[in-house]
Structure formats: structure tokens, C-alpha cells
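>>> Okay, here's the prediction I keep looking at, along with the sequence it came from:
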Amino acid sequence: GGAQHQLTHENQSWLDQVETAVPESKTVPGAGGTPIQYWIVKPPKFDPAKKYPVVFLIHGGPQGEWGDGWSYRWNPTLWAAQGWVVVAPNPRGSFGFGQKFVDEISQDWGGKVMTDLTAVFDAAVKLPYVDATKQGIAGASYGGYAVDWLIAHTNRFKVAVSHDGVFNLDSMSLSTEELWFSDWEMGGSGLSAAARANFAKWSPHRFAQNIKTPTLVITNELDFRVPVDQGLQLFTALRRNGVPSKAIVFPDEGHWVLKAQNSKFWHDTVFDWVGQYLKDRKSTRL
């Protein structure tokens, strides 16, 4: 019950030189009028009189959240430091809004959750400091799936990043380490009629001929959850469509990029890719 006291100040020297924005929380009606919460993180030296590109970050899971945390992976503040307004939505499947809200994404991967996300996109681009002509999107795992699905159904984004994203639900169901995943998320094993019906309904690869958004694909050889072929299939589709695209394959990473030099390369490449399509980037290479 006593007061908390900071014991160390190891990072104070560089913290004194860094401006970090306080995240802003907003809500917008999503599918069925359900309130959908999202975070806004503004760039350093933010000027409300200017218009900034916006980048939407989609979390994985699909049961997950953008919450009160800090990480050297997918850090919205670091993304905002590139000179972009960052918007991080918590749509269907996100924690913190009740179990029903979490459960409503299962067997509905491209349904209500996409309505939720689109509501956030539409609200964010109406903000007076957002340039609606410069929208980017990025995500990993289910977030990568969401990117794949969205760029196959809309051309609103100038640029996309899909990291370890599920692209072909059918082929993934018989290659992933998480065989329970199809059982829980798609209604049965990858061989069941129920799951195969959901694959046909919700698999991005079935709509890949529509993709026109320049996309960076990242996939890792030691990823047994969303195996490396998922990203390679997406990259092949992009190339066959004649879409500007680039692929990174890490031979020594799994579902996450954890090694220091790999992380640096990842961030530099991702920020360069997004920046060249959104322009206005303030270079902060790691």
C-alpha cells in the first residue's frame, strides 16, 4: 500500500531527447451499431494545422488487442515517429469488451470485424489533420490476414504491409502447427464440410485477382503457425497481378522477428516501403 519509487534511471539520457505522444482513445459505431474503440497516436511536433498521412495497424490473434503496453515489435509510437498519424483499432475479436465481443470473430473472419475496421478507417480520414489521400495499412498474423482481405476488397490504401499473414485458409489448415485453429476458428478440421465452407467464404486468395495495392510481404522460414508458403503465395499473386511488391523471407525467425539485427532490418525496410508511397516521411532509421 506504500508509494511507488523508481529505482533506476538507465534510459533517462535518451528519454530526455525523445518526444512521445499520449495515445488518444476514440469510439465509432461498428457492425450492428456496436461501439468500436480505437487509438490515435500522433507524430512528434504534431501541428494540428497540417495534414498527415495515416497508417492503420491491425492486431493479430484474432483474439488480441491494442492496449496499454510497450514493445520493440509493432510499436505504434515508433511508427508515428515516421511522420504519420497512427490509428490502432480494436474491432471484433479484441479483448476488453466482453467475451461475446471476442467470440464474434470466430467463423466470421471477413464479416463484422471488417465492418468494424472500415468504420474506424472512415472516421479517421475525416479528422481535420489527416490526409485522406494518403492511407496505409499494416498487420501481422490475423492482422496480416486482415490486410490481405482488405486489399482484395478495396483500393483505398496507397500501401500495405502483410507480415506472416494468412492468405490461403485451405492450404494453411493442413500445414499449420495449430491444428486446433481450424477447429475453433473455422468450425471444424480442415477436412470438414463446415470448415471448407468457411475457407471458401473467407479466404483472401479467392479474391487475389482484385489486389492493386503496393504491398510488402514478410514471411519467415521457422514460422510453423502461419507457414512460409502463405506469404509466398501472396507475393506470387501480387507479381502475377503486376502490382508493385517486395518480399522478405527471414530464414532464422519464427512467427515474430526477435533477433536484434533482423529487427533493425525489418523496421528500416518496412518504414522505407511505407514511406515511399505516403511521402512526407521523416527518416528515423534505427
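Thanks, I have it.

>>> How about stretch 250-268, which residues are buried there?
For stretch 250-268, a neighbour-count test (16 or more other Cβ atoms under 10 Å) marks 250, 253, 255, 256, 257, 262, 263, 266, 267 as buried. Using the backbone N, CA and C atoms, a C-beta is placed for each residue, glycine as well.

>>> So which of those residues sit within helices?
262, 263, 266, 267 (DSSP state H).

>>> just to revisit the earlier point, okay, the buried residues of stretch 250-268 in CSV with pLDDT next?
Shown next, in CSV, are the buried residues of stretch 250-268 (pLDDT from 0 to 100):
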residue, pLDDT
250, 96
253, 94
255, 94
256, 93
257, 94
262, 96
263, 95
266, 96
267, 96
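
>>> how close does residue 147 get to residue 167?
For residue 147, the distance to residue 167 equals 10 Å [Cβ to Cβ, to the nearest Å].

>>> what number of residues lie near residue 130?
By other Cβ atoms under 10 Å, the residues close to residue 130 number 20.

>>> Could I get the contacting residues of residue 122?
residue 28 (Cβ atoms under 8 Å, 6 or more residues apart in numbering).

>>> Okay, buried residues for the strand or helix carrying it please.
Counting by DSSP states H and E, the element that carries residue 122 is helix 112-124. Within helix 112-124, the residues that qualify as buried are 112, 113, 114, 115, 116, 117, 118, 119, 120, 121, 123, 124, counting by 16+ other Cβ under 10 Å.

>>> likewise stretch 30-45?
Across stretch 30-45, burial judged by 16+ other Cβ under 10 Å covers 30, 31, 34, 36, 37, 38, 39, 40, 41, 42, 43.

>>> Then stretch 97-115?
97, 101-102, 104-110, 112-115.

>>> Would you state the helices of this protein in chain order?
Under DSSP H, the chain gives helices at 12-15, 76-80, 99-103, 112-124, 142-151, 169-172, 180-186, 193-202, 228-240, 260-278.

>>> on that earlier part again, Serialize the buried residues of stretch 97-115 to a markdown table and add fields for pLDDT and distance to residue 4.
Compiled in a markdown table, those are given as follows (pLDDT from 0 to 100; distance: Cβ to Cβ, whole Å):
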| residue | pLDDT | distance to residue 4 |
| --- | --- | --- |
| 97 | 94 | 29 |
| 101 | 95 | 32 |
| 102 | 95 | 32 |
| 104 | 95 | 38 |
| 105 | 93 | 37 |
| 106 | 92 | 39 |
| 107 | 91 | 44 |
| 108 | 90 | 43 |
| 109 | 91 | 42 |
| 110 | 92 | 45 |
| 112 | 96 | 41 |
| 113 | 96 | 38 |
| 114 | 97 | 42 |
| 115 | 97 | 42 |
